[in-house]
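**Q** Have a look at this prediction, sequence included:
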There are 2 protein chains.
Amino acid sequence: MSRASGIPVPTIKFYLREGLLPAGELTSPNQARYGEAHLRRLHLVRALTDIGGLPLASVGKVVAAVEDREQPVHELLGAAARTVDLALADPVDSDSAVRSRAAAMADELIARRGWKVGTRHRAVEALTAAMASFLAVGHGDYLDHLDEFAAAAERVAAADLDFVARRRRPEELVERVVVGTVLGDAMLAAMRRLAQVDASARRYDPEDPEPLEAPENSPGSSSG
Amino acid sequence: MSRASGIPVPTIKFYLREGLLPAGELTSPNQARYGEAHLRRLHLVRALTDIGGLPLASVGKVVAAVEDREQPVHELLGAAARTVDLALADPVDSDSAVRSRAAAMADELIARRGWKVGTRHRAVEALTAAMASFLAVGHGDYLDHLDEFAAAAERVAAADLDFVARRRRPEELVERVVVGTVLGDAMLAAMRRLAQVDASARRYDPEDPEPLEAPENSPGSSSG
């Protein structure tokens, strides 16, 4: 199983001891046989711990959800997505008026895009926190671009679902949600940076630079 | 200045002591006048520390770059972007063959999109690391969607540049790059989750669920 999965034997033994991986079929007193299903479970547990960064106690809950065959797929994917941490951007103080305004804007966006999501979803809270921060630091005009962000997010999410739906086993679906969300966020952030560099290079061509404002009103120059 | 900026007096005094904010014009022995330029600098320093999470030593370097009026805008924006931390996704072991394959795919993507970026950019490294992780955990088919991610990233970056370019002062440009990148990443990640929920709800309609695979080959059911 270690050879087939590329996962070291001590790690596999640890998962077995923790009950995250069921025992194989005993073929002799110190030899057990493991099948495809064990391999799938092994990949899921590794994805949850190594990539999702989940504590072992939480991995057990996800495994239990995977084993609950009564659970509709949509619910299972939602449970998987909730295991992936989502940073709440709220580094700046914002008063309740700003928070209310951001929450209203988030609700309007969700209604406008026709997204079928509960308003109590943690991602709504994260979205509201980011929007409130933009407002609180005086850059509320960034939110003029909400729908461009939403269109980009929809495009990525459609790709995400295509990726997930190429598998049929619950373990694989959950594994793909976790891997795709965590590594996909990192990939998207990196690509956004590269596309920014490109957009900046085109707009502020070094061969033909747009001049900046004159420096006379700068605190740096007045102190020099 | 505290009233105009919403930033507490002790914080302003601290920035003055640290040399991040030049002294105002003395109007009496214990009274100084501050202008618009100080306010702009104050907002920049706050954005770098509170939102960018930058240590004070690095804030000083950014302030020096802002004061260097010889610097082309594109270079200044690049310097600003580099202050924002970019997580390197590399939680899984990947051998050098996998890394090389990922690096080649990243180069091809950049060439295909016509992105004007140096290959030594940290974001290329971050992109390569994320792609190598997908390959290493056996989900390389996620990378079939690279161009959908790239198109989404371009759309977001165009909005980012529009947002930045609405300002002309170097302090404001740098502040906007930092605020837009950090809070924008959080906003985009939150929207991606919401769009995933929506796409999942549409694909796996709870009223008419797609059946999962039969459970007989599951390690969970065989141990029960």
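**A** In hand now; what should we look at?

**Q** okay, and the helix or strand of chain A with the least pLDDT?
**A** Across the helices and strands of chain A, mean pLDDT, DSSP states H and E gives its lowest value to helix A:219-223, namely a mean of 45.

**Q** Straight-line length of stretch A:65-76, end to end?
**A** End-to-end span of stretch A:65-76 (CA to CA, to the nearest Å): 7 Å.

**Q** Just the buried residues of it, please?
**A** The neighbour-count criterion (16 or more other CB atoms under 10 Å in any protein chain shown) identifies A:65-67, A:71, A:73-76 as the buried residues of stretch A:65-76. To be clear about C-beta, it is placed using only N, CA and C from the backbone, and glycine gets the same treatment.

**Q** Could you see whether chain B lies near it?
**A** Yes. Among the residues of stretch A:65-76, A:66-67, A:69, A:72-75 lie within reach of chain B under CB under 8 Å from any CB of the partner chain.

**Q** where in chain A is pLDDT low?
**A** Applying pLDDT under 70 to chain A flags residues A:89-93, A:206-224.

**Q** hang on, the earlier thing: okay, and which of the buried residues of stretch A:65-76 map to helices?
**A** A:65-67, A:73-76 (DSSP state H).

**Q** Does A:Val174 belong to a helix, a strand or coil?
**A** helix (DSSP: H, G, I helix; E, B strand; the rest coil).

**Q** And it, how far from A:Ala111?
**A** 30 Å (CB to CB, to the nearest Å).

**Q** Between the two, which is the more surrounded one?
**A** The neighbour count for A:Val174 versus A:Ala111, taken as other CB atoms under 10 Å in any protein chain shown, is higher for A:Val174 (26 against 9).

**Q** what about A:Ala79, distance to chain B?
**A** Per CB to the nearest CB, to the nearest Å, A:Ala79 is found 11 Å from chain B.

**Q** Not counting residues beside it along the chain, what's closest to the residue nearest to the spatial centre of chain A?
**A** The residue lying closest to the centre of chain A (CA atoms, centre = their mean) is A:Thr181, at 3.9 Å. Closest residue in space to A:Thr181, ignoring its immediate chain neighbours: A:Val84 at 4.7 Å, by CB to CB, 6 or more residues apart in numbering or on different chains.

**Q** do A:Tyr15 as well
**A** Distances taken as CB to CB, 6+ apart place A:Leu21 nearest to A:Tyr15, at 4.2 Å, with adjacent residues excluded.

**Q** For that neighbour, give me its contacts.
**A** A:12, A:15, A:38, A:41-42, A:45, B:219 (CB atoms under 8 Å, 6 or more residues apart in numbering or on different chains).

**Q** just A:Ala104 next, same as before
**A** A:Ala104 makes contact with no residue under the criterion CB under 8 Å, 6+ apart.

**Q** ok, it to A:Leu135 distance?
**A** From A:Ala104 to A:Leu135 the distance is 11 Å (CB to CB).

**Q** now swap in A:Asp107 and tell me
**A** According to CB to CB, A:Asp107 and A:Leu135 sit 15 Å apart.

**Q** Please say which of the two ends up with more neighbours.
**A** Set A:Asp107 next to A:Leu135 and count neighbours by other CB under 10 Å: A:Leu135 wins out with 20 against 13.

**Q** Without its sequence neighbours, what residue ends up closest to that one?
**A** A:Val98 (5.0 Å).

**Q** and A:Thr27, which of the three is it?
**A** Under three-state DSSP, the three-state class of A:Thr27 is strand.

**Q** ugh, wrong one, I meant A:Ala32
**A** Recorded secondary structure, A:Ala32: strand (three-state DSSP).

**Q** wait, is A:Asp205 part of a helix?
**A** No. Using three-state DSSP, the assignment for A:Asp205 is coil, not a helix.

**Q** residues contacting it?
**A** A:Asp205 makes contact with B:His74 under the criterion CB under 8 Å, 6+ apart.

**Q** What of A:Asp107?
**A** A:Thr119.

**Q** measure it to chain B for me?
**A** Distance of A:Asp107 to chain B, computed by CB to the nearest CB: 12 Å.

**Q** before we move on, which element is that residue in?
**A** helix A:96-113 (DSSP states H and E).

**Q** picking up where we left off before, which of the contacts of A:Leu21 sit farthest apart?
**A** Among the contacts of A:Leu21, the pair separated by the greatest distance (CB to CB) is A:Ile12 and B:Pro219, at 12.9 Å.

**Q** So if I had to pick from the two, which one is more boxed in?
**A** For A:Ile12 versus B:Pro219, neighbours defined as other CB under 10 Å are more numerous around B:Pro219 (23 against 19).

**Q** Touching, A:Arg155 and B:Ala150? I think so.
**A** No. A:Arg155 lies out of contact with B:Ala150 (CB atoms under 8 Å); the separation is 10.2 Å.

**Q** shared neighbours of the two, anything?
**A** The contact sets of A:Arg155 and B:Ala150 do not overlap (CB under 8 Å, 6+ apart).

**Q** For stretch A:27-40, measure first residue to last.
**A** Distance between the two ends of stretch A:27-40: 21 Å, counting by CA to CA.

**Q** do the same with stretch A:15-28
**A** This stretch, stretch A:15-28, spans 21 Å end to end (CA to CA).

**Q** likewise stretch A:47-60?
**A** So stretch A:47-60: terminal residues 13 Å apart, CA to CA.

**Q** That stretch close to chain B?
**A** Yes. Contact of stretch A:47-60 with chain B (CB under 8 Å from any CB) involves A:47, A:50-51, A:53.

**Q** out of those, which is most surrounded?
**A** Using other CB under 10 Å as the neighbour criterion, A:Ala47 leads these with 30 neighbours.

**Q** Grab the nearest non-local neighbour of that one.
**A** For A:Ala47, ignoring the flanking residues on the chain, the nearest one in space by CB to CB, 6+ apart is A:Glu175 at 4.5 Å.

**Q** got the contact list for that neighbour?
**A** Listed by CB under 8 Å, 6+ apart, the contact partners of A:Glu175 are A:40, A:43-44, A:47-48.

**Q** my read: A:Glu154 touches B:Leu194, true?
**A** No. Counting by CB under 8 Å, A:Glu154 does not reach B:Leu194; the two are 9.4 Å apart.

**Q** The two - which one has more neighbours?
**A** B:Leu194 (25 against 20).

**Q** Where does the more buried one fall, secondary structure wise?
**A** helix B:170-203.

**Q** Name the residues of that helix that are buried.
**A** Residues of helix B:170-203 classed as buried by neighbour count (16+ other CB under 10 Å): B:170-201, B:203.

**Q** Could you do stretch A:11-22 as well?
**A** Buried residues in stretch A:11-22, counted by 16+ other CB under 10 Å: A:11-12, A:15-16, A:20-22.

**Q** farthest pair in those residues?
**A** Across those, the longest distance by CB to CB is 15.9 Å; it joins A:Thr11 and A:Pro22.

**Q** if I look at A:Ser58, how far off is chain B?
**A** In terms of CB to the nearest CB, A:Ser58 sits 16 Å off from chain B.
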